[in-house]
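# Build me a model from this:
(chains A and B)
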Protein chains: 2
Amino acid sequence: MSYWASNNMTYCLAINVNNGLVFCSDSRTNAGVDRVSTYSKMYRFGVENERQFVVLSAGNLGTTQAVVSRLKRDIKDEAETSLLTVESMSDAAEYLGEINRAQQEKHADNTSGANFEASFIIGGQILGEKPRVMMVYPAGNHITTSKDTRYLQIGESKYGKPILDRILTAKTDLHTSALCALVSMDSTMRSNLTVGPPIELVLYEKDAFSVQHSRFDEDDEYLRELKKAWDARLVEAFVQLPAIDWRPESPDESSEV
Amino acid sequence: MSYWASNNMTYCLAINVNNGLVFCSDSRTNAGVDRVSTYSKMYRFGVENERQFVVLSAGNLGTTQAVVSRLKRDIKDEAETSLLTVESMSDAAEYLGEINRAQQEKHADNTSGANFEASFIIGGQILGEKPRVMMVYPAGNHITTSKDTRYLQIGESKYGKPILDRILTAKTDLHTSALCALVSMDSTMRSNLTVGPPIELVLYEKDAFSVQHSRFDEDDEYLRELKKAWDARLVEAFVQLPAIDWRPESPDESSEV
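Below is the predicted model:
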């Protein structure tokens, strides 16, 4: 792993349900196990009653910081294209993708083997549009959620995926969605040490054009309570599962020796 | 993906608890999404009242089939070293590792880019030893479970890991462990299409020197019932989780624009 540009393994996810959006991110960054530090991977940009964005980042920390700086500078400089001028969430993702690609191309001739790639999730709402969530790949292209796939993930996505698949539908309410995001994050933190607190959580209610944000630190009492409760409920759930229906075997299927 | 040697993505796991062992494997093999077929990845070898082995395989199908053939041939030929002669589970893993490495070395000069690697889990009991489980890497080396880590996985391991981490301890009873294996398998099948039924499950009770084996096909009623029950219990568990304790923000943490 390269020491001149920290790579965050990261776990970030965004959920899109009928009533709004949920964003959740970890804050651990590492360049080797002895270079662990804490950086927020969640950025919020908004104009009251008009537009609200949340950006989540994963990948090379140099790249993600440069990209977010550029987003901020374009706003400050009142650039022709910025998060304050884009007309749709799709345009916002396209704009973010271009900045991301341009930033990575600066290192095109680097031969160190370092990975300068970064991925982003950008979501929110622009007045006149529904709330939307997009995932921006290192190549600059993007995808969005669908009727059947209500969430997008970047970084270490596998450990936390099953719970999302089981719980989320378009009709899941916002608070259940947020809980689901926290449980998904908890599963990921247990299994991958490079994903860690503080955990940031944002809840965006449709047409609110403002967000509810919470940050849960390492020793957060609620996070600990949630983890403990989920463990207990899971064990209870197990006890209630139907006993295995063992099948008698035909003789030719029995032991090979 | 290479067409001349199917690669199974696979999910296999073995659990080692105080009362015995559990083995679980899927049966889907693919060489590209249009070359999907069904092969058992579980092999049993036993001598009544003396020794019992279960072998699980992942990786290149050519390699795993050749390795298992060799295990069988060594038994049939009454070779000096075979699963019937090894004195410990550790020796069994060493023997399996050597065969595995030798089989892969046959392709050392192959320049096609095909991956001939394979991994195995071997577990069971030899009279005089406790039940044990070993994982054999493509390089031929092996690891075993520990007091704190009660399971080993090969193949697509991430999706099914959280539930194992949450449920399994040394004291978990065998049936709960087997249920946990099936739920872990179910989570993996939902998330990775290259892992699929029939699902094979083996329960080995300590000192039994024989196994209880069951095979659950694609349309198996119990598997469907288990999946449905787990979904329902998970949703119930969610409803009981403590509501999110949202934190008021200090002004400097609020939206960036």
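
# Helices of chain A, start to end?
Along chain A, counting by DSSP state H, helices occupy A:61-76, A:89-105, A:161-167, A:174-191, A:221-239.

# Comparing the ones you listed, which comes out most buried?
helix A:174-191 (a mean of 23; mean count of other CB atoms under 10 Å in any protein chain shown). For glycine as for every other residue, the C-beta is placed from the backbone atoms N, C-alpha and C.

# Just give the number of residues close to the nearest residue to A:Glu50 once chain neighbours are set aside.
Closest residue in space to A:Glu50, ignoring its immediate chain neighbours: A:Leu127 at 5.1 Å, by CB to CB, 6 or more residues apart in numbering or on different chains. Neighbourhood size, A:Leu127 [other CB atoms under 10 Å in any protein chain shown]: 11.

# Could you pull up the residues touching A:Leu127?
A:49-51, A:209 (CB atoms under 8 Å, 6 or more residues apart in numbering or on different chains).

# Show the low-confidence segments of the stretch 1-150 of chain A, by residue range.
Across the stretch 1-150 of chain A, residues meeting the criterion (pLDDT under 70) sit at A:1-8, A:31-33.

# returning to what we had before: can you tell me how far the residue nearest to A:Glu50 is from B:Glu200?
Between A:Leu127 and B:Glu200 the computed distance is 56 Å (CB to CB, to the nearest Å).

# for A:Leu84, same thing?
Counting by CB to CB, the gap from A:Leu84 to B:Glu200 is 58 Å.

# Run through the strands of chain A in chain order.
In chain A, strands defined by DSSP state E lie at A:7-8, A:11-17, A:20-25, A:28-30, A:36-38, A:42-47, A:51-60, A:118-126, A:132-136, A:142-144, A:151-155, A:199-205, A:212-216, listed in chain order.

# which outside residues touch stretch A:193-200?
Contacts for stretch A:193-200 (CB under 8 Å, 6+ apart): A:8-11, A:23-28, A:30, A:33, A:36, A:38, A:40-42, A:155-156, A:182, A:185, A:188-189, A:213-218, A:220, A:223.

# got the residues of the stretch 51-200 of chain A near chain B?
Proximity of the stretch 51-200 of chain A to chain B, by CB under 8 Å from any CB of the partner chain, involves residues A:52, A:72, A:75, A:83-84, A:158-163, A:165-167, A:175-176, A:178-180, A:182-183, A:187, A:190-191.

# picking that back up, and the buried ones among the contacts of stretch A:193-200, selectable in ChimeraX?
Only the buried entries of the contacts of stretch A:193-200 go into this ChimeraX selection, using 16 or more other CB atoms under 10 Å in any protein chain shown:
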select /A:8,9,10,11,23,24,25,26,27,28,30,40,41,42,155,156,182,185,188,189,213,214,215,216,220,223
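
# Tell me where the stretch 151-257 of chain A is predicted with low confidence.
Ranges of the stretch 151-257 of chain A meeting pLDDT under 70: A:249-257.

# if we can go back for a sec, weed out the non-buried ones from the contacts of A:Leu127.
Of those, these count as buried by 16+ other CB under 10 Å: A:51, A:209.

# which of the contacts of A:Leu127 sit farthest apart?
A:Asn49 and A:Arg51 (8.8 Å; CB to CB).

# Touching both of these two, which residues are there?
Common neighbours of A:Asn49 and A:Arg51 (CB under 8 Å, 6+ apart) are A:127, A:209.

# can I assume A:Ala58 is in contact with A:Met135?
No - counting by CB atoms under 8 Å, A:Ala58 stays clear of A:Met135, with 9.9 Å between them.

# shared neighbours of those two, which are they?
Residues touching both A:Ala58 and A:Met135 (CB under 8 Å, 6+ apart) are A:119-120, A:154.

# which of these lies closest to A:Ala139?
A:Ser119 (9.8 Å).

# Identify the residue spatially nearest to the closest one, adjacent ones excluded.
Leaving aside its chain neighbours, A:Ser119 sits nearest to A:Ile154 (4.4 Å; criterion: CB to CB, 6+ apart).

# which ones are touching that neighbour?
Counting by CB under 8 Å, 6+ apart, A:Ile154 has contacts A:10-13, A:56-59, A:119-121, A:135.

# among these, which two are most distant?
Maximum distance among those (CB to CB): 15.1 Å, for A:Leu13 and A:Gly59.

# So which of the two has more stuff around it?
Taking other CB under 10 Å, A:Leu13 and A:Gly59 do not tie; A:Leu13 has more neighbours (27 against 24).

# Show me what the more buried one is bridged to.
Listed by DSSP bridges, the beta-bridge partners for A:Leu13 are A:Cys24, A:Gln153.

# doesn't A:Ile163 make contact with it?
No - with contact defined as CB under 8 Å, A:Leu13 does not count as touching A:Ile163 (10.7 Å).

# where do the contact lists of those two overlap?
A:Ser184.

# Give me the neighbour count for A:Gly160.
31.

# What sits closest to it if chain neighbours are left out?
Per CB to CB, 6+ apart, closest to A:Gly160 is A:Ser184, 3.5 Å.

# wait, what's in contact with the one you found?
Per CB under 8 Å, 6+ apart, neighbours of A:Ser184: A:13, A:24, A:160-161, A:163-164.
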